[in-house]
Each structure stands twice: as structure tokens, then as C-alpha cells.
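Colleague: I need the structure of the sequence given here:
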Amino acid sequence: MWSSSFLASPHLFSPPKLSLVLSSHRSSSHEKKILCFTQNNTTGINLSKRHLNISTLTLLFSGFLLDKAKSITELDSLQEYTDSNNGFTLLVPSSWIKVEKAGANVLFEEQEKRSNNIGVVVSPVRIKSLEDFGTPQFVADKLINAEKRKESTIEAEVVSVGERSSGQGKVYEFEYKIDSTRGGIKRVFSAAFVSSKKLYLLNVVHSDKPEEPLDSGTRNMLEQVLHSFDALPLTTT
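Modeller: Have a look, this model is predicted:
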């Protein structure tokens with residue numbers, strides 16, 4: 001959520017796998033003892049049945065987890081999205097839908113919860129690289145201060161700041177949390193780079209409420225989206 005005031009800066013932003021472990025009893029005398037117990041004692045028979053029931057439930061539960069993991073993987077498989085006109089590419093969840101929104105060059109929303117979204121904004125700038133503006137930490141401070149100035153913001157904090165190299169230069173990456181009157185607590189992954197005197201901004205927004213925290217699988221998927229954001233190779237004519 002790169003705010004309009006931040007974008008308007010004249011310097012840069014112009015516009016257990018669960019399993020039941022059964023011990024192996026190798027002692028013949030012990031085996032006889034167990035056998036005798038189960039044959040002549042009702043409690044032993046019930047205990048044996050309970051073990052069987054636990055084993056059955058374990059297998060069913062494990063199968064459920066595998067099916068669920070498979071369905072999540074299929075639902076949130078990532079596919080490449082390329083914008084040749086604006087010169088960028090990134091990965092997006094195949095189940096998310098592309099929508100139109102003023103101010104965004106592209107926006108994808110989760111079908112079941114449309115406040116979870118991925119958006120890209122491309123704006124002209126007067127600099128050739130992000131390094132001309134400042135360090136990743138400097139940009140992160142600008143970003144979070146802009147968020148804090150919003151009336152809807154209750155609290156905002158930077159979680160992490162980093163950078164990586166791409167074919168066209170440096171890409172700054174940020175992770176931060178926002179508690180807002182509009183949608184509660186959200187996790188935001190942002191990336192920015194400059195190419196051909198254009199600023200490219202990516203925002204990946206997802207709910208991260210205490211009653212419904214961001215799970216590790218979804219987080220991993222969103223981080224893959226973040227790291228995939230890049231400029232298309234420049235072509236010579």
C-alpha cells in the first residue's frame with residue numbers, strides 16, 4: 001500500500017505429519033504375555049480395539065491432510081504474468097482474478113476474499129535507479145511514515161528490509177504490518193525498482209488477523225510472488 005502522498009514525492013515517486021508409532025516387541029516371553037492378556041482379559045481386547053481405531057483414524061486424518069495440502073497446492077499454483085507494454089513480469093496465484101482499478105496498472109484479487117490482492121503501479125521518474133534516491137532502509141522509513149499519516153491507520157511497523165539484484169539493477173523489498181480501521185491487521189510485501197526512468201511498485205496485501213493468522217504455506221506463496229517481480233529485458237532496435 002504505497003500511499004498517494006508517498007508516490008507524490010518529487011524526488012522519486014512521481015505519480016506431525018501425524019502417524020502412530022508402534023513399538024516392536026522382540027522378546028518372545030513378552031509377546032506371550034501380551035497374547036495371554038488379550039485372550040483372557042476383556043480390557044486387553046478393548047485396548048487392542050482402541051489401538052486399531054487410533055490407527056484407522058490416524059490413516060484417515062493423514063489422508064485428509066494430504067488431500068488438503070494437495071488442494072491448496074492446486075488452488076494456489078503460481079503462473080507467470082507478463083506486461084509487455086509496461087515492461088514487467090511476476091508470478092501470480094492461478095486462482096486469483098484480474099480486475100480493473102483506477103491507479104493500478106494491474107490488480108489481482110483472491111476470489112473468496114478480495115481484500116487480499118496483488119497490485120502493480122508504474123510511474124515515470126527522473127532518476128535512473130533506486131540507489132539515486134536512497135538506501136532500502138531510507139525508502140522503508142519513507143514508506144512506513146506515509147502509511148502512518150493515513151487517517152485509517154492505527155499502527156504500522158516495518159518487519160524486514162532487503163534488496164536483490166535483477167537484470168536491470170537493484171530491487172528493494174519490504175515487509176510490514178498495518179493495523180487499520182479498514183480491514184484490520186494486514187501483512188504487506190512490497191518491492192520497487194527503477195528501469196528506463198520508470199518506477200515499478202508491487203504491493204502484495206493479505207489479511208493477518210490474530211483469529212486468522214497468515215499460515216506458512218500462504219506466506220511462502222506470497223514471498224515467491226514478491227521475489228519474482230522484475231523488469232523485462234530491454235530490447236534493442
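
Colleague: Which stretches in this structure count as strands?
Modeller: Taking DSSP state E as the criterion, the chain contains strands spanning 78-83, 88-93, 97-99, 106-109, 117-124, 153-166, 169-180, 184-195, 198-207, 230-231.

Colleague: what packs against the shortest one?
Modeller: By that I understand strand 230-231. If contacts are counted by 3 or more Cβ pairs under 8 Å, 6 or more residues apart in numbering; DSSP states H and E, strand 230-231 sits against strand 88-93, strand 184-195. Using the backbone N, CA and C atoms, a C-beta is placed for each residue, glycine as well.

Colleague: contacting residues for the nearest residue in space to Arg126 that is not next to it in sequence?
Modeller: Once flanking residues are discounted, Arg126 sits nearest to Lys197: 7.0 Å by Cβ to Cβ, 6 or more residues apart in numbering. Residues near Lys197 by Cβ atoms under 8 Å, 6 or more residues apart in numbering: 124-128.

Colleague: if you set the cut-off to 10 Å instead, what comes out?
Modeller: 14, 124-129 (Cβ atoms under 10 Å, 6 or more residues apart in numbering).

Colleague: In CSV, list those along with distance to Arg114, neighbour count and pLDDT.
Modeller: Formatted as CSV, these follow (distance: Cβ to Cβ, whole Å; neighbours: other Cβ atoms under 10 Å; pLDDT from 0 to 100):
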residue, distance to Arg114, neighbour count, pLDDT
Ser14, 29, 16, 36
Pro124, 29, 10, 96
Val125, 30, 22, 95
Arg126, 35, 10, 94
Ile127, 34, 14, 92
Lys128, 37, 12, 89
Ser129, 34, 14, 89
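
Colleague: Counting only helices, which of those residues make the cut?
Modeller: Assigned to helices by DSSP state H, none of those qualify.

Colleague: Give me the mean pLDDT for stretch 161-170.
Modeller: Taken as a whole, stretch 161-170 has a mean pLDDT of 89.

Colleague: quick one on the thing from earlier: which one of the helices and strands packed on strand 230-231 is the most hemmed in?
Modeller: Comparing the helices and strands packed on strand 230-231 by mean neighbour count (mean count of other Cβ atoms under 10 Å), strand 184-195 ranks first with a mean of 22.

Colleague: List the strands paired with that strand, with their directions.
Modeller: According to DSSP bridges, strand 184-195 forms sheet pairs with strand 169-180 (antiparallel), strand 198-207 (antiparallel).

Colleague: Please save the CA atoms from it in PDB.
Modeller: Extracted in PDB, the C-alpha atoms of strand 184-195 (Å, rounded to 0.1, in the frame of the first residue of the first chain):
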ATOM      1  CA  GLY A 184      -7.900  -4.900  10.400                       C
ATOM      2  CA  ILE A 185      -4.400  -6.200  10.500                       C
ATOM      3  CA  LYS A 186      -2.700  -6.900   7.200                       C
ATOM      4  CA  ARG A 187       0.600  -8.200   6.100                       C
ATOM      5  CA  VAL A 188       2.100  -6.300   3.200                       C
ATOM      6  CA  PHE A 189       5.000  -7.400   0.900                       C
ATOM      7  CA  SER A 190       6.300  -4.600  -1.300                       C
ATOM      8  CA  ALA A 191       9.000  -4.400  -4.000                       C
ATOM      9  CA  ALA A 192      10.300  -1.500  -6.000                       C
ATOM     10  CA  PHE A 193      12.800  -0.900  -8.800                       C
ATOM     11  CA  VAL A 194      13.600   1.700 -11.500                       C
ATOM     12  CA  SER A 195      14.000   0.800 -15.200                       C
END
